[in-house]
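Trainee: starting from these lines, generate the structure:
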Amino acid sequence: MNAAGRRLGLRPGQSHADARAIVPDLTVAPAEPEAETRALKALALWFERFSPAVAIDAGPPGAEGLMLDMTGAAHLFGGEAALLGEIGRRLDDADIPASLALADTAGAAWALARHGGARRAIAPPGGARQALADLPVEALRIDAEAARLLARFGLRRIADLYALPRSGLARRFRGEAGLTLVRRLDQALGVEAEPLKTERSPSDYRVWQAFAEPLIVLESVEFALPALAQALAAQLERDGMGARTLALDAFRTDGRRVRLSAGLSAPSRAPAHLLRLLKEKGLEHLDLGFGADALMLSALAAEPLAARQNALPSGDGAGVQIDPPEALAGLIDRLKAKLGEDAVRRPAPFESHLPERSERWLRAGPQAPGAPAPDPARPRPLLLLDPPEPVEAIAELPDAAPSRFVWRRAPHRVVKAQGPERLSPEWWRTGPAPARTRDYYAVEDEAGRRFWLYREGLYGREDADAAPVWRMHGVFG
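Mentor: Numbers count the residues shown, from 1 in each chain. Have a look, this model is predicted:
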């Protein structure tokens, strides 16, 4: 229901036939609740240019709203009146009708915006009680039945409730209605706290800055970033945390928000590293449009970062510098920012006893907790052949190590051997060829060269129709 419909005497909830009887040429469109919800959420995210804490007040259809926690932030926009003026101007430019109110509590602001009778209303600090006095009791966000019951008792204005004892007021209602009325009154007056349930939980570590004039060129952004990075690092250091995901949001004058984000391979709160990472990620490509009037730097994800010693004292007092462990992580971060998140990888152990499947490639960064570590009792060669290469071997049956073998047409006589290490096939895996048992041997030839080869298959006990074969799988350094 829009304002024109209300002026014609229509009301929400009225049947379509009754409405057409009053206004024959009424224009009706199907409701789109999902689209309206998406639009309201998008508007809530847009309002983060004014405050990081924005909550959606669903309300009845056509009376939805947003609540912003502007505690300690109005002066950034020139004061409370200038703040409401700026918000109102932007909403008017977007053709979004709205009434605005600013008060000490969310309940008071809600009441003034919907029942205050003015498009812009400001309750002075500590003046919520007086500002709400002449408003109807419906402004306390109570249901219609509770408002009708209060009217029967002659309680039509909020001021009529001030002098009544809370316990007596609650007893006039049945069930939860009385407690809800008392709670809403106390919330509006600031007696009871009312935390906002923000649309997107604000990051615990977030700093932002609004500008009187929009930032047109990237040099202005680069000039403002060091102060933001220092402030964010101070927040992280206070809690012993380091950033793992960094995001820079620029709020443009056309209502759009552009974001530049970067992941860190290890927690860090060094301002220089954070700034360098944003530049490597492509700060020069940040699209400011016709200008950005606010910047926000956030640590979207953070992890504990213990203090580290960077130098050891020495006798001459100069100290011995320690290469910080963040140096490698910083290099990885810069390479990932330049080449892409998946371009820099590292090998990591994998849960498989087959050598060719016992590792995999992951994104470069710290080893994940709980990853399997190599078994020192079962050494593996530095070089693994992929695929293993065929070998002609002479060995005593059925399970002895080879005494001689030929690999790549070169003969070798074995002087030392260790094994076998038997590896059973992973029978649950499917493949083009049937899996067979392997017996691995670490051998050394006359020249001192060490090899890792295996016999695939067992004599007389497995695949009797196929003779076992020997393969070279690796070379020790």
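Trainee: helix/strand/coil for Glu426?
Mentor: coil (DSSP: H, G, I helix; E, B strand; the rest coil).
Trainee: could you point out which element follows the lowest-mean-pLDDT helix or strand in the chain?
Mentor: The helix or strand of the chain with the poorest confidence is strand 320-321; it has a mean of 49 (mean pLDDT, DSSP states H and E). Counting by DSSP states H and E, the next helix or strand C-terminal to strand 320-321 is helix 326-339.
Trainee: buried residues in that next one?
Mentor: Glu326, Ala329, Gly330, Ile332, Asp333, Arg334, Lys336, Ala337 (16 or more other CB atoms under 10 Å). For glycine as for every other residue, the C-beta is placed from the backbone atoms N, C-alpha and C.
Trainee: what score does Gln309 have for pLDDT?
Mentor: Per-residue pLDDT puts Gln309 at 56.
Trainee: for the nearest residue to Ile394 once chain neighbours are set aside, what are phi and psi?
Mentor: Closest residue to Ile394 in three dimensions, ignoring its sequence neighbours and counting by CB to CB, 6 or more residues apart in numbering: Arg404, at 4.6 Å. Backbone torsions of Arg404, given as degrees, to the nearest 10, read phi -140, psi 150.
Trainee: how about Arg404: which residues does it bridge to?
Mentor: Counting by DSSP bridges, Arg404 is bridged to Ile394, Arg413.
Trainee: can you list the domains in this protein?
Mentor: 1-30, 32-189, 210-312+319-368, 383-475 (automatic domain parsing).
Trainee: how about the contacts made by Arg334?
Mentor: Arg334 is in contact with Arg276, Leu277, Glu280, counting by CB atoms under 8 Å, 6 or more residues apart in numbering.
Trainee: let's see it at 10 Å
Mentor: Contacts for Arg334 (CB atoms under 10 Å, 6 or more residues apart in numbering) come out as Ala262, His273, Arg276, Leu277, Lys279, Glu280, Lys281, Val344.
Trainee: from the residues you listed, which land in helices?
Mentor: Among these, the members falling in helices (DSSP state H) are His273, Arg276, Leu277, Lys279, Glu280, Lys281.
Trainee: what's the neighbour count on the second one?
Mentor: It refers to Arg276. 15 (other CB atoms under 10 Å).
Trainee: am I right that it is in contact with Gly330?
Mentor: Yes: Arg276 lies in contact with Gly330 (CB atoms under 10 Å); the separation is 7.8 Å.
Trainee: between the two, which contacts overlap?
Mentor: With CB under 10 Å, 6+ apart as the test, Arg276 and Gly330 both reach Ala270.
Trainee: returning to that earlier point: so which of the buried residues of helix 326-339 comes closest to Arg471?
Mentor: Ile332 (36.0 Å; CB to CB).
Trainee: so the closest one touches Ser265, yeah?
Mentor: Yes: using CB under 10 Å, Ile332 is in contact with Ser265, at 4.5 Å.
Trainee: just the buried ones among the contacts of Arg334, please.
Mentor: Buried members of those, scored by 16+ other CB under 10 Å, are Ala262, His273, Leu277, Lys279, Glu280, Lys281, Val344.
Trainee: min pLDDT across those, which one?
Mentor: Val344 (80).
Trainee: contact partners for it?
Mentor: Ser265, Leu331, Ile332, Asp333, Arg334, Leu335, Lys336, Ala337, Lys338, Arg363, Ala364, Gly365.
Trainee: quick check: the gap between the second one and Ala301.
Mentor: Computed with CB to CB, to the nearest Å, the distance linking Leu331 and Ala301 is 21 Å.
Trainee: pretty sure Leu228 is touching Leu297, no?
Mentor: Yes: Leu228 lies in contact with Leu297 (CB under 10 Å); the separation is 4.3 Å.
Trainee: looking at the two, which is more packed in?
Mentor: The neighbour comparison of Leu228 against Leu297 (other CB under 10 Å) goes to Leu297, with 25 against 22.
Trainee: check which helix or strand that one maps to.
Mentor: strand 292-304.
Trainee: that strand - contacts with which helices or strands?
Mentor: strand 206-215, helix 218-238, strand 241-252, strand 257-268, helix 271-282 (3 or more CB pairs under 10 Å, 6 or more residues apart in numbering; DSSP states H and E).
Trainee: what's the closest of the ones you listed to Arg449?
Mentor: For the helices and strands packed on strand 292-304, proximity to Arg449 was assessed by CB to CB; strand 257-268 is nearest, at 38.0 Å.
Trainee: may I have that closest one as CSV, with CA atoms only?
Mentor: Extracted C-alpha coordinates of strand 257-268, given in CSV (Å, rounded to 0.1, in the frame of the first residue of the first chain):
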residue,chain,number,x,y,z
ARG,A,257,30.5,-0.6,-3.0
VAL,A,258,33.7,-2.1,-4.4
ARG,A,259,35.8,-4.5,-2.5
LEU,A,260,39.4,-5.6,-2.7
SER,A,261,40.2,-8.7,-0.6
ALA,A,262,43.3,-10.8,-0.1
GLY,A,263,44.0,-13.9,1.9
LEU,A,264,47.1,-14.4,4.1
SER,A,265,49.0,-17.7,4.4
ALA,A,266,49.8,-17.0,8.0
PRO,A,267,48.3,-14.5,10.6
SER,A,268,49.9,-11.1,10.4
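Trainee: got the contacts of Val344 as JSON lines, with pLDDT columns?
Mentor: JSON lines is the format used below for these (pLDDT from 0 to 100):
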{"residue": "Ser265", "pLDDT": "78"}
{"residue": "Leu331", "pLDDT": "77"}
{"residue": "Ile332", "pLDDT": "77"}
{"residue": "Asp333", "pLDDT": "76"}
{"residue": "Arg334", "pLDDT": "77"}
{"residue": "Leu335", "pLDDT": "79"}
{"residue": "Lys336", "pLDDT": "78"}
{"residue": "Ala337", "pLDDT": "74"}
{"residue": "Lys338", "pLDDT": "76"}
{"residue": "Arg363", "pLDDT": "76"}
{"residue": "Ala364", "pLDDT": "75"}
{"residue": "Gly365", "pLDDT": "64"}
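Trainee: neighbours of the residue nearest to Ile394, just the number please.
Mentor: Arg404 has 13 nearby residues by other CB under 10 Å.
Trainee: my read: it touches Asp445, true?
Mentor: Yes: applying CB under 10 Å as the test, Arg404 and Asp445 come out as touching, 9.3 Å apart.
Trainee: residues in contact with both of these two, list them for me.
Mentor: Counting by CB under 10 Å, 6+ apart, the shared contacts of Arg404 and Asp445 are Pro411, His412, Arg413, Val414.
Trainee: only the buried subset of those residues, as a ChimeraX command please.
Mentor: Buried members of the shared contacts of Arg404 and Asp445, defined by 16+ other CB under 10 Å, are picked up in ChimeraX with:
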select :412,414
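Trainee: nearest to Val475 among the shared contacts of Arg404 and Asp445?
Mentor: Looking across these and measuring by CB to CB, the closest to Val475 is His412, at 11.6 Å.
Trainee: do you know the pLDDT at that closest one?
Mentor: pLDDT at His412 comes out at 95.
Trainee: show me the strands in the stretch 51-200 of the chain, by range?
Mentor: 54-57, 65-68, 100-102, 120-122 (DSSP state E, counting those that start in this stretch).
Trainee: brilliant, that's me finished.
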